[in-house]
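Undergrad: Got a sequence here, can you build the structure:
(one chain, ligands or ions: 1)
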Amino acid sequence: MGKALLLSGGMDSAALAWWLKPDLAVFIDYGQRPAAAEKRAAEKIAEEVGIPFEAVHIDCSPLGSGQLVGSAALPEAPTPEWWPYRNQLLITMAAAIALRRGHLKSIVIGSVAEDEVNADGTAAFRLALDTVMKLQEGCIGVEAPAASMTSTDLIRASGIPPEVLGWTHSCFASDVPCLRCRGCNKHLNVLDDLHRRWPQISCDAVS
Ligand SMILES: [Zn+2]
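TA: Model (predicted):
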């Protein structure tokens, strides 16, 4: 069964790309501020993995809020970068792309244990969306094979080399890491964790 990975250019989906070598990597510029840097990262990672890459630009920025569009977070926002219905939106777009390609039957997303802070990072959300997607023509499902893993464990298990991980972009606010947002903080914490637990692996290339 063919799989399409939503490749954001961040650490988690990059590790999944390296690990699973899906049939297609899909990048979506949905109007997020760091889209150019994310796209550059995603394209390079897909090239390194050696898988087909498709990028689409669908400007949804009028629907966004928080750091990803440079505006104030809504009262409902659990985190400063929260974008209403983002995962639902992106998975739906990716499924439409996968359906056009014919042989793809599931969308793989890079959710990890830390993502449960948002409702669309939970198992309940993924199960419900998988059900809704499969009710529709094409019967494309949703998979999150690393959902029970931490980012550090996923990266370690994937075997992604530091020089490939070094291409990833995690900042929510900008094309250049702001070093203040949750994305930047997570990126740095994961690198520290990897280096502390497996010091034999050089992290020079990703620091
Ligand atoms: Zn940042």
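Undergrad: how many neighbours does residue 137 have?
TA: If you count neighbours by other CB atoms under 10 Å, residue 137 ends up with 6. Quick note: C-beta positions are derived from backbone N, CA and C, even for glycine.
Undergrad: And what about it, helix, strand or coil?
TA: In terms of secondary structure, residue 137 is coil; the call rests on DSSP: H, G, I helix; E, B strand; the rest coil.
Undergrad: Bridging across strands, which residues link to the closest residue to residue 35 other than its chain neighbours?
TA: Of all residues not flanking residue 35 in the chain, residue 29 sits nearest, at 4.2 Å (CB to CB, 6 or more residues apart in numbering). Residues in a beta bridge with residue 29, per DSSP bridges, are residue 57.
Undergrad: Would you confirm that residue 29 contacts residue 55?
TA: Yes. Look at residue 29 against residue 55 with CB atoms under 8 Å: they come within range, at 6.8 Å.
Undergrad: what does the chain have sitting close to the ion?
TA: Counting by CB under 5 Å from the ion, the residues of the chain close to the ion are 171, 173, 178, 181, 184.
Undergrad: nearest residue to residue 10 other than its sequence neighbours?
TA: Taking CB to CB, 6+ apart, and ignoring the residues beside it in sequence, residue 10 has residue 170 as its nearest neighbour in space, at 5.1 Å.
Undergrad: Run a quick neighbour tally on the one you found.
TA: 25.
Undergrad: mind listing what it touches?
TA: Listed by CB atoms under 8 Å, 6 or more residues apart in numbering, the contact set of residue 170 reads 10, 11, 177, 183, 184, 186, 187.
Undergrad: dump the residue contacts of the first one.
TA: Taking CB under 8 Å, 6+ apart as the definition of contact, the neighbours of residue 10 are 38, 41, 110, 168, 169, 170, 183.
Undergrad: and the fifth one, helix, strand or coil?
TA: For residue 169, the secondary-structure state derived from three-state DSSP is coil.
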